[in-house]
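Engineer: need a structure here:
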Amino acid sequence: MSVSELHWVALATKTRAGGAALRQLLRRYASIEAIFEASYQDLLRIPGIGPRTAASIANVDMDAAAAALSRCSYHNIHIVTFEDTDRYPSNLLLIPDAPPVLFTQGTLQPLDWRAVGIVGTRWPGSAGAEFARLAAYELAARGWAVVSGLALGIDAAAHQGALEAHEGRTLAVLGCGLLNLYPPQNSQLARDIQGAGAILSELPPDAGVSARRLLARNRITSGLSRAIIVVEAGEDSGSLATARRARKQGRAVYAVSGGDVGCEALIAQGALPIEPQTVDWDALSAQIAALPVQPPPDEPAQMPLF
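Structural biologist: Numbers count the residues shown, from 1 in each chain. Model (predicted):
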């Protein structure tokens, strides 16, 4: 257990500091340890740090943080932070609200910059589920890591398709802690993913699922990816929220044409259409590889702060 790792876990699990507050703290202080040496009054002088957050940092229970870190170690949960420049996903670093701490099981690799998100409804038709599986298989076979959210339906089909490819990689982003897996029906799939990629979350391992947390994880799904492919999506679905996030992050959005209301709406708004019957997978792979990954023009990229 390193001192630095202990302080990162304390900040992520035992304080009220959210992502924006963490960034302000990291800009103000020279190291993660220095944050916890600051006084309550000093913390209050930092923009975005209110009395409750300042008090939670000034009075943090390091013994409880050490217990949380030991629990992570026991369950083979790895801590990946902004300091881990060789492990923290490079695409994700480009978004302005990247989580400073990721909890992971499995492995993250430098080549995971070649990542494509495949998302869609939890209740797809058989054709949609099969296309998600096929797209993931074809892209994983061409060296892409497939990113999705471990949900039922399109997400699960995408993960499964990537796993079926020879040496295929896939990353699952959770809206809960790694020890409180949701949905429980995909527990075996999550274990399979750990052997061919990683499951990851910005939330402490015991955190439960909520609609707000599921929505927040969409920015990580798109942030990990060079492009997002939406297979099926309802008129007001999480997949459309992921597409909106991707656009704001400067990532390309593809949508499968063919009548689905959500996908057709995305295409009408400028998403690149995919014709499921005539896809040239080599051409699509090359097109995604050539796409720029650019942070939003009005929000500069946040790079490692140490």
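
Engineer: looking at this protein, which helix or strand is least sure?
Structural biologist: When the helices and strands of the chain are scored by mean pLDDT, DSSP states H and E, helix 19-28 comes last with a mean of 79.

Engineer: quick one, phi/psi of the residue positioned nearest the centre of the chain?
Structural biologist: A centroid search over the chain (C-alpha atoms, centre = their mean) returns Ile220, at 2.9 Å, as the residue closest to the centre. With angles defined as degrees, to the nearest 10, Ile220 sits at phi -80, psi -40.

Engineer: Just give the nearest non-adjacent residue to it, would you?
Structural biologist: Nearest residue to Ile220, sequence neighbours excluded (C-beta to C-beta, 6 or more residues apart in numbering): Val173, at 4.9 Å. Every C-beta, even on glycine, is put in place using the N, C-alpha and C of the backbone.

Engineer: That neighbour touches Arg217, doesn't it?
Structural biologist: Yes: judged on C-beta atoms under 8 Å, Val173 makes contact with Arg217 at a distance of 5.1 Å.

Engineer: longest helix of the chain?
Structural biologist: helix 126-141 (DSSP state H).

Engineer: Show me what that one is in contact with.
Structural biologist: With contacts defined as C-beta atoms under 8 Å, 6 or more residues apart in numbering, helix 126-141 is touched by 116, 118, 120-121, 124, 146, 153-154, 157-162, 164-166, 168-170, 229, 231-232, 256, 260, 276, 279, 281, 284-285.

Engineer: Which of the residues you listed fall in helices?
Structural biologist: Among the contacts of helix 126-141, the members falling in helices (DSSP H) are 154, 157-162, 164, 281, 284-285.

Engineer: By neighbours, which of the residues you listed wins?
Structural biologist: Neighbour counts for the ones in helices among the contacts of helix 126-141, by other C-beta atoms under 10 Å, peak at Ala158, which reaches 35 neighbours.

Engineer: So that residue versus Thr170, what's the distance?
Structural biologist: Ala158 sits 7 Å away from Thr170, going by C-beta to C-beta, to the nearest Å.

Engineer: Need the overlap of contacts for those two.
Structural biologist: In contact with both Ala158 and Thr170: 136, 146, 148, using C-beta under 8 Å, 6+ apart.

Engineer: Out of the residues you listed, which comes closest to Ser56?
Structural biologist: Nearest to Ser56 among these, counting by C-beta to C-beta, is Ser148 at 33.3 Å.

Engineer: where does that closest one fall, phi/psi-wise?
Structural biologist: phi -160, psi -170.

Engineer: Quick check, Thr292 in contact with Arg251.
Structural biologist: For residue 292 the amino acid is Pro, not Thr. No: using C-beta under 8 Å, Pro292 is not in contact with Arg251; the gap is 9.5 Å.

Engineer: which of those two has more neighbours?
Structural biologist: Legend: neighbour count by other C-beta under 10 Å for Pro292 and Arg251, higher for Arg251 (27 against 8).

Engineer: So which residues of the stretch 1-150 of the chain form strands?
Structural biologist: Counting by DSSP state E, counting those that start in this stretch, the stretch 1-150 of the chain has strands at residues 78-81, 101-106, 115-119, 145-148.
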